[in-house]
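Chemist: after the sequence you'll find the predicted model.
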Amino acid sequence: MLIDSHVNLHAPQYDEDREDTINRARTAGVGLMVNICDRVSNFEACYKIARDNPDIWATVGTHPHEARENPELSAATLIDLAKLPKVVGIGECGLDFHYDYSPRDIQVKVFRTHIEAARDSGLPLVVHTREADEVMWDILSSEHRNGEFKFLLHCYTSGAELARKAADIGAWFSVSGIATFKAAQDVRAIIKDMPADRIIVETDCPYLAPIPWRGRRNEPAYVTHVYDKLAEIRGWSLEETRKLTEDAFFELFNRIPNSVSS
């Protein structure tokens with residue numbers, strides 16, 4: 001079974017063919033997908049797709065781009081929504097200092113709220129980080145000292161130093177179609193050093209379509225190309241790649257019963 005750990009199937013890019021997109025993924029061998037919430041105000045649209053499909057699960061959270069929407073977001077709100085049966089993670093949340101669509105102080109505040117919710121709920125945190133390595137490490141390390149929590153650095157493209165430090169406190173990492181891009185040598189070098197038992201696979205669709213689909217709308221069926229590239233980078237067979245990433249996925253998203261992979 002292939003797993004796409006990070007999809008955005010509620011995005012408007014799929015309004016015309018959402019069901020067909022899901023069916024193409026299944027035909028390609030994708031047996032499980034996690035639909036990632038981009039903002040709490042949009043949670044119902046995100047969760048509906050999980051509720052309506054037995055092979056799709058969901059998270060709850062607010063992306064750093066959208067943090068300005070609700071600066072007073074509470075951990076209690078996130079935890080309450082996370083009690084729904086198909087919610088398996090907190091996020092996508094974090095810091096994005098490239099676009100700064102939300103003020104940085106608000107991003108930090110809302111990110112810490114998500115960490116509190118992850119710690120208290122026991123669910124893994126799905127973290128977005130871009131051009132914020134120093135602040136990201138300051139937050140992760142200080143919050144980790146306050147109490148451990150599971151976290152995933154999704155679609156990792158940040159620096160090698162942050163990757164090493166985060167791995168030392170237990171981070172998982174997800175590999176996306178960026179790994180296939182010709183100019184992504186730095187990303188591939190970091191992937192080589194990621195802990196073998198804490199790597200999972202994603203598309204981040206509809207964004208970041210892998211080669212040979214780069215420039216088009218991405219979709220979960222294309223995750224096969226990410227598996228192929230990860231195997232190449234790590235020197236693993238495809239069987240090893242599937243087994244290692246599947247085990248890592250279920251260890252991280254442990255609310256999903258292992259039986260769904262049978």
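Modeler: Perfect, thanks for sending it. This structure is a prediction, so every number in the text was calculated from the model and none was measured. Numbering: from 1, shown residues only.

Chemist: show me what the longest strand seen in the chain is packed up against.
Modeler: The longest strand of the chain (DSSP state E) is strand 87-96. For strand 87-96, the elements it packs on are strand 56-60, helix 104-121, strand 125-130, helix 133-146, judged by 3 or more Cβ pairs under 8 Å, 6 or more residues apart in numbering; DSSP states H and E. Just so you know, the C-beta spots here come from the backbone N, C-alpha and C atoms, and that holds for glycine as well.

Chemist: quick one: buried residues of the last one?
Modeler: Judged by neighbour count (16 or more other Cβ atoms under 10 Å), helix 133-146 contains these buried residues: 133, 135-137, 139-140, 143-144.

Chemist: Ser41: which of these is nearest?
Modeler: Ile139 (23.7 Å; Cβ to Cβ).

Chemist: and Pro103, how many neighbours does it have?
Modeler: 12 (other Cβ atoms under 10 Å).

Chemist: my guess is it contacts Arg68. True?
Modeler: Yes. In this structure, Pro103 is within contact of Arg68 by Cβ atoms under 8 Å, at 6.5 Å.

Chemist: helices of this structure, residue ranges please.
Modeler: Ranges of helices in the chain, per DSSP state H, are 18-27, 43-52, 75-81, 104-121, 133-146, 160-168, 185-193, 223-234, 238-252.

Chemist: relative to the whole chain's centre, how far out is stretch 143-150?
Modeler: Here stretch 143-150 is found 19 Å from its chain centre; the criterion is Cα atoms, centre = their mean, to the nearest Å.

Chemist: same question for stretch 104-115.
Modeler: For stretch 104-115, the distance to the chain centre is 17 Å (Cα atoms, centre = their mean).

Chemist: over to stretch 128-138?
Modeler: Distance of stretch 128-138 from the chain centroid (Cα atoms, centre = their mean) equals 16 Å.

Chemist: can I get that stretch in CSV, CA atoms only?
Modeler: Extracted in CSV, the C-alpha atoms of stretch 128-138 (Å, rounded to 0.1, in the frame of the first residue of the first chain):
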residue,chain,number,x,y,z
HIS,A,128,5.4,23.9,8.1
THR,A,129,8.7,25.8,8.3
ARG,A,130,10.2,28.1,5.7
GLU,A,131,13.1,30.6,6.1
ALA,A,132,12.6,30.5,9.9
ASP,A,133,15.2,28.0,11.0
GLU,A,134,16.5,29.9,14.0
VAL,A,135,13.1,30.9,15.5
MET,A,136,11.7,27.4,14.6
TRP,A,137,14.4,25.7,16.6
ASP,A,138,14.1,28.1,19.5
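
Chemist: contact partners of that stretch?
Modeler: Here stretch 128-138 makes contact (Cβ atoms under 8 Å, 6 or more residues apart in numbering) with 63-64, 91-99, 104, 108, 127, 153-155, 157-159, 161-162, 165-166.

Chemist: narrow the residues you listed to those that are buried.
Modeler: Among these, those buried by neighbour count (16+ other Cβ under 10 Å) are 63-64, 91-97, 108, 127, 153-155, 157-159, 162, 165-166.

Chemist: follow-up on the earlier one: tell me which strands the longest strand of the chain pairs with, and in which orientation.
Modeler: Here strand 87-96 is paired, per DSSP bridges, with strand 56-60 (parallel), strand 125-130 (parallel).

Chemist: which among those strands is found nearest to His225?
Modeler: Comparing the strands paired with strand 87-96 by Cβ to Cβ, strand 56-60 comes nearest, at 20.6 Å.

Chemist: which residues sit against the closest one?
Modeler: Outside strand 56-60, the residues that reach it (Cβ under 8 Å, 6+ apart) are 7, 9, 22, 32-37, 40, 43, 46-47, 49-50, 78, 81-82, 86-92, 126, 253, 256.

Chemist: now His6: closest residue in space that isn't a chain neighbour?
Modeler: Glu202 (3.6 Å; Cβ to Cβ, 6 or more residues apart in numbering).
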